[in-house]
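Q: okay, structure incoming, though there's no sequence with it:
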């Protein structure tokens, strides 16, 4: 389990709890890839995901430097979730204008993303013993990524925050801006949906 | 298998997935991080009351005392302006003009002090 920043911090004056540049750097370095993958799962486009992560990092650095370091994970996740939401809002407005434009007889580009689009995996973290195992591992990872990506947005957020970011129910609710009951419901549905997909693909974890 | 166990088993795969991010994406993430760190500024104590970071003015949560201190100069300025506007204006130039043109109200001539002053003043002309 990943060590939590929020735990086991002895009582010190508030100034000593504020994140230094080095701590912020370490924190961002530890979360950037996970945040990127979260964004990829949501927006299904790597370039857009990179832009969103960059926006989130900038917002954290510019606006929350005076916050205690143990608050950074929650604040950052909240920023990431809001950034993703803003992206979808902008897209919705843009697509509304595009459809209006099309209905008036003008043609425009429409990029329909396939929610079940598989994610390309080039290599794995640990090198398996044989090429066959490597292949199998990359296939399993692709299936898991595909299944996670296919989850409804809120279910995926809840699942990733709870079981990847290691947030508790209360922290997840704060990051998602919803009730703890909703978090539990989303998590439960996400878990069952994932288990069902993996079972149907013959994968046992 | 319960939810938590399932989540625990999925996590290593997700970690592996994050670890398999391509070189180009990793480089872009690193440069995004460095850009964000460039924007970072040392938090400062504002007037000894509040600690703020760069660009966090809107995040500052003042206490009632601090808000009072911030509003004090404006309140003093307003109070001075109101006091000045309410104070009776004695425009001596206006009074002289009225005196010379005989536009003074009758009450002015019934005022003994004014009569005395007029006599004394006329002696000096």
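A: Received it, and whenever you're ready, just let me know what you need. Please read these numbers as outputs of a predicted model, since none were measured by experiment.

Q: buried ones in whichever strand or helix holds residue A:144?
A: Taking DSSP states H and E as the criterion, residue A:144 maps to helix A:131-150. For helix A:131-150, a neighbour-count test (16 or more other C-beta atoms under 10 Å in any protein chain shown) marks A:137-138, A:140-141, A:143-150 as buried. Bear in mind the C-beta positions are built from the backbone N, C-alpha and C, glycine included.

Q: what about it and chain B, touching?
A: Yes. Judged by C-beta under 8 Å from any C-beta of the partner chain, helix A:131-150 comes into contact with chain B through A:137, A:140-141, A:144-145, A:148.

Q: separation between residue A:55 and chain B?
A: 9 Å (C-beta to the nearest C-beta, to the nearest Å).

Q: hmm, residue A:84 is touching residue A:40, no?
A: No. In this structure, residue A:84 is not within contact of residue A:40 by C-beta atoms under 8 Å, at 10.7 Å.

Q: could you find the lowest-pLDDT member of the residues of helix A:131-150 next to chain B?
A: On pLDDT alone, residue A:137 ranks lowest of the residues of helix A:131-150 next to chain B, at 82.

Q: just checking, what packs against the helix holding residue A:144?
A: helix A:21-43, helix A:153-163, helix A:180-200, helix B:3-19 (3 or more C-beta pairs under 8 Å, 6 or more residues apart in numbering or on different chains; DSSP states H and E).

Q: switch the cut-off to 6 Å
A: helix B:3-19 (3 or more C-beta pairs under 6 Å, 6 or more residues apart in numbering or on different chains; DSSP states H and E).

Q: from the contact counts, what lies against the helix it packs on?
A: helix A:21-43, helix A:131-150.

Q: switch the cut-off to 7 Å
A: Helix B:3-19 sits against helix A:21-43, helix A:131-150, helix A:153-163, helix A:180-200, with contacts defined as 3 or more C-beta pairs under 7 Å, 6 or more residues apart in numbering or on different chains; DSSP states H and E.

Q: mind listing what's buried along the next helix or strand after that helix?
A: For helix B:3-19, the succeeding helix or strand toward the C-terminus, using DSSP H and E, is helix B:23-38. By neighbour count on 16+ other C-beta under 10 Å, the buried set for helix B:23-38 is B:25, B:28-29, B:32-33, B:36-37.

Q: do stretch B:112-125 as well
A: Buried, per 16+ other C-beta under 10 Å, within stretch B:112-125: nothing.

Q: what about residue B:70, which helix or strand?
A: Going by DSSP H and E, residue B:70 is in helix B:64-86.

Q: can you check residue B:114 too?
A: helix B:112-124.

Q: tell me the mean pLDDT over that helix?
A: Helix B:112-124 shows a mean pLDDT of 74.

Q: one more: stretch A:43-58?
A: Computed over stretch A:43-58, the average pLDDT equals 93.

Q: show me what the lengthiest helix in chain A is packed against.
A: Longest helix in chain A by number of residues (criterion: DSSP state H): helix A:72-103. Under the contact definition 3+ C-beta pairs under 7 Å, 6+ apart, helix A:72-103 sits against helix A:21-43, helix A:46-63, helix A:169-176.
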